[in-house]
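Trainee: quick one, structure for this:
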Amino acid sequence: MRFILFVAALAALAGPVAAQQAAATDPNCQAAIAFSAARKGAAVLALRDGKPVCEGYAASGAADHAMEIWSGTKSFSGLMAAAAVQDGLLTLDEPVSKTLPEWRDDPQKAKATIRQVLSLTSGLRSTVGQPPTYAAAVTTPLSTPPGETFSYGPAPFQLFGEIMSRKLKAAGQPADPYLYLKRRILDPIGLTPGQWRRLPSGDALLPQGAVLTVREWVKFGELVRAGGVWNGKPLVDGVAFAELFKGSVANPAYGVTFWLPNSSAAAGAGSTDITRSPDLPRDLVLAAGAGNQRLFIIPSQKLVVARLAEFDGRPDGAGPTWSDAAFIRFFLH
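Mentor: Residues are numbered from 1 along each chain as shown. Got it, this is the predicted structure:
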């Protein structure tokens, strides 16, 4: 798969992301692009201190070609929650039942918190690839008591969609969590999705709905790298933002919507190979989607790297195996 390097800067990027022209200056840029390309990669973009240092596209990718980031979408809910804390709409540790009276009479559901929902430890039953409607998520049973196990899937994020819808309605705002995310996070940083998919019911897909170019996705990464601050203005509550990067007892390798490089991931819990790579920076955080869609953020390296890939829903099959750790090492200084 042949890549063409784009050495022009990202003129469309807003805020701290550089708009001036810059060369692909990272010494390992071509090696990183080749590694990605050999594993169905479509696009790679790396920023260091907000400036592009590596950018390349395969025949299946282009600077203006938006692709589904699948579960990379989940991390937007973490920032949405931190914005909602800043706005006084919720706290991470409040019971879900404070907003959903349907959960108050169930002794287990009554214990679940918003933090547990977004850290995938609420016990809510969920099946990967089958996101329910917001209403159906409310009536979904628990598989385990809250806080005991990590269970990856879309249902908790759709449940969070219903929580946000009710919070917004009670506050006299449009009861659409995507519109809230757009107003509070996406618009201020100049991030324009190619699309944000919805279910036929109209519910915005919070676990997997974003369709982005790498040039748009890195804007979100820059916001995270900057601690939730954009052009000197905090877009989220700082304390809540810091909580997004703390793992749970059930899975120390997953925080509140972000993957973490914690080698003590619980047996059987989901993880990526960054958890088995002690040489990686400890402040690395990762948004990850099916087909190895990836957004790496490493504040200590002033680094944000986005990677998009072809994905048809089937297993990778023959060919080189993807490794998050091997890929990000190309950019470590």
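
Trainee: now for the residue sitting nearest the centre point of the chain: which residues touch it?
Mentor: In the chain, the centroid-proximal residue (CA atoms, centre = their mean) is residue 75; its distance is 2.7 Å. Taking CB atoms under 8 Å, 6 or more residues apart in numbering, we find residue 75 in contact with 220, 224, 257-258, 287, 295. All C-beta spots, glycine's among them, are computed from the backbone N, C-alpha and C.

Trainee: for this protein, which segments count as strands?
Mentor: Remark: strands assigned in the chain by DSSP state E are 4-5, 41-48, 51-57, 67-68, 195-196, 210-212, 229-230, 233-234, 285-289, 293-298, 303-309.

Trainee: least reliable of these by average pLDDT, please.
Mentor: Lowest mean pLDDT within the strands of the chain: strand 4-5, at a mean of 39.

Trainee: could I get the contacting residues of residue 62?
Mentor: residue 43.

Trainee: from residue 31, how far off is it?
Mentor: 22 Å (CB to CB, to the nearest Å).

Trainee: ok, now residue 200?
Mentor: Look at residue 200 and residue 31: by CB to CB, they are 44 Å apart.

Trainee: quick one, which of those two is more surrounded?
Mentor: Neighbour comparison, residue 200 and residue 31: the larger count goes to residue 31, with 12 against 6 (by other CB atoms under 10 Å).

Trainee: quick one: contacts for the nearest residue to that one once chain neighbours are set aside?
Mentor: Nearest residue to residue 31 in three dimensions, chain neighbours excluded: residue 330, at 5.7 Å (CB to CB, 6 or more residues apart in numbering). By CB under 8 Å, 6+ apart, the contact list for residue 330 reads 26, 28-29, 31-32, 35.

Trainee: can you redo the residues you listed as CSV with pLDDT?
Mentor: Listed next are the contacts of residue 330 as CSV, based on pLDDT from 0 to 100:
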residue, pLDDT
26, 92
28, 96
29, 97
31, 97
32, 97
35, 97
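
Trainee: just the ones of those in helices?
Mentor: 29, 31-32, 35 (DSSP state H).

Trainee: and of the contacts of residue 75, the nearest to residue 169?
Mentor: Closest approach to residue 169 among those (CB to CB): residue 257, at 23.0 Å.

Trainee: thinking again about what came up before, make a PyMOL selection of whichever of the contacts of residue 330 turn out to be buried.
Mentor: Buried members of the contacts of residue 330, identified by 16 or more other CB atoms under 10 Å, are gathered into one PyMOL selection as follows:
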select buried, resi 26+28+29+32+35
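
Trainee: determine which two of the contacts of residue 330 are furthest apart.
Mentor: Between all members of the contacts of residue 330, the farthest pair (by CB to CB) comes out as 26 and 35, at 13.1 Å.

Trainee: where does the prediction get shaky in the stretch 151-300 of the chain?
Mentor: For the stretch 151-300 of the chain, the stretches with pLDDT under 70 are 263-271.

Trainee: give me the neighbour count for the closest residue in space to residue 233 that isn't next to it in sequence.
Mentor: Nearest residue to residue 233, sequence neighbours excluded (CB to CB, 6+ apart): residue 188, at 7.6 Å. Neighbourhood size, residue 188 [other CB under 10 Å]: 17.

Trainee: over to residue 272?
Mentor: Other residues close to residue 272 by other CB under 10 Å number 21.

Trainee: that one against residue 288, yeah?
Mentor: Yes. In this structure, residue 272 is within contact of residue 288 by CB atoms under 8 Å, at 6.2 Å.

Trainee: contacting residues around the longest helix seen in the chain?
Mentor: Assignment by DSSP H gives helix 155-170 as the longest helix of the chain. Residues outside helix 155-170 that contact it (CB under 8 Å, 6+ apart): 74, 77, 80-81, 84, 89-90, 96, 99-100, 114, 117-118, 120, 122, 124-127, 131-138, 140, 174-177, 180, 203-207.

Trainee: cool, stretch 110-122 as well?
Mentor: So stretch 110-122 is contacted by 77-78, 81, 90-97, 103-104, 123-124, 142, 145-153, 156-157, 159-160, 163, 243, 247-248, 250-251, 254-257 (CB under 8 Å, 6+ apart).

Trainee: pull out the buried positions in it.
Mentor: Buried residues in stretch 110-122 (16+ other CB under 10 Å): 111-122.
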